[in-house]
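*Asks:* What follows is a predicted structure for the sequence shown.
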Amino acid sequence: MVNGGVKLPIGYRFHPTDQELILHYLLPKSFASPLPSSIIPVFDVFFSHPLTFPGDQEEKKRYFFCKKRREVSSRTKISSNDGYWKPIGKEREIIACGRTVGIRRTLAFHETNKSSCKLNKTRWCMTEYCLAGFASTKVSGEWAVYNVYERKASKGRRQRKSRGRDDEEDLNCIDFTIESDHETGPPPPSSPTSSDESGSII
């Protein structure tokens, strides 16, 4: 266990397909049946900021069981008042054996800027997996699986950062050049004096 989550051996990753998540994890969880593994913990993803979520922070994706919450104006506010989750894109059906067994959708996190009381869109996202079709019948509770991750910076933002690093390197080169002009070295040869010239004639 690491920070409330399961730590896999080095080189191992939990990378299930959508169908595996629905049929082998969410469906048994909804019917209170045994799970193939305890790798997905129960955690309220609508309680606090994603930075505080349990598990290994170095993992690109983390999965949690959580009960769905009622949305208000297509938003789900978190309990700590740090922001809200808002759906983006379209819902997509998850098909297994030719039948719809689940629905997935993506939510983006908008955090509260406490200094200005405004909301800023972050790179935190999560994919919500819910039961649908025959799999959702006679299920007690509204369990869902949430796959939480942080999106990569946009290409333009990465290029701006890269240009910033190049500018810093250029400045370092300039500083090095300036300093190299003041480096101490062997003194230049002095011009011969009159006595030296007379001595050379003799």
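*Replies:* Perfect, I can see it now.
*Asks:* mind listing what Pro36 touches?
*Replies:* Neighbour list for Pro36: His24, Tyr25, Pro28 [criterion: C-beta atoms under 8 Å, 6 or more residues apart in numbering]. Where you see a C-beta, it was placed from the backbone N, CA and C, and this is true even at glycine.
*Asks:* Dump those into JSON lines; add neighbour count as well.
*Replies:* Output for those, formatted as JSON lines (neighbours: other C-beta atoms under 10 Å):
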{"residue": "His24", "neighbour count": "15"}
{"residue": "Tyr25", "neighbour count": "21"}
{"residue": "Pro28", "neighbour count": "13"}
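*Asks:* Out of those, list just those in helices.
*Replies:* Here DSSP state H is the test, and the contacts of Pro36 give Pro28 as lying in helices.
*Asks:* Now flag whichever of the contacts of Pro36 is closest to Val148.
*Replies:* Minimum distance to Val148 across the contacts of Pro36 is 15.3 Å, recorded for Tyr25 (C-beta to C-beta).
*Asks:* out of the contacts of Pro36, who's nearest Tyr146?
*Replies:* Closest approach to Tyr146 among the contacts of Pro36 (C-beta to C-beta): Tyr25, at 11.8 Å.
*Asks:* Mind pulling up the pLDDT for the closest one?
*Replies:* With respect to pLDDT, Tyr25 has a value of 96.
*Asks:* tell me the average confidence for stretch 58-73?
*Replies:* Across stretch 58-73, the average pLDDT comes to 85.
*Asks:* Adjust the sequence numbering to begin at 5 for everything that follows.
*Replies:* Got it, the first residue is 5 from now on, which makes the last one we talked about stretch 62-77.
*Asks:* returning to what we had before: export the contacts of Pro40 to JSON lines and tack on distance to Pro45?
*Replies:* What follows is these, written out as JSON lines (distance: C-beta to C-beta, whole Å):
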{"residue": "His28", "distance to Pro45": "16"}
{"residue": "Tyr29", "distance to Pro45": "12"}
{"residue": "Pro32", "distance to Pro45": "15"}
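*Asks:* In stretch 24-36, which residues are buried?
*Replies:* Neighbour counts over stretch 24-36 (16 or more other C-beta atoms under 10 Å) mark Leu25, Ile26, Leu27, Tyr29, Leu30, Leu31, Lys33, Ser34 as buried.
*Asks:* Pick the one among those closest to Val105.
*Replies:* Of all the buried residues of stretch 24-36, Val105 sits closest to Ile26, with 5.0 Å by C-beta to C-beta.
*Asks:* Kindly reformat the buried residues of stretch 24-36 as JSON lines containing distance to Gly93.
*Replies:* Formatted as JSON lines, the buried residues of stretch 24-36 follow (distance: C-beta to C-beta, whole Å):
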{"residue": "Leu25", "distance to Gly93": "18"}
{"residue": "Ile26", "distance to Gly93": "19"}
{"residue": "Leu27", "distance to Gly93": "24"}
{"residue": "Tyr29", "distance to Gly93": "23"}
{"residue": "Leu30", "distance to Gly93": "20"}
{"residue": "Leu31", "distance to Gly93": "24"}
{"residue": "Lys33", "distance to Gly93": "25"}
{"residue": "Ser34", "distance to Gly93": "25"}
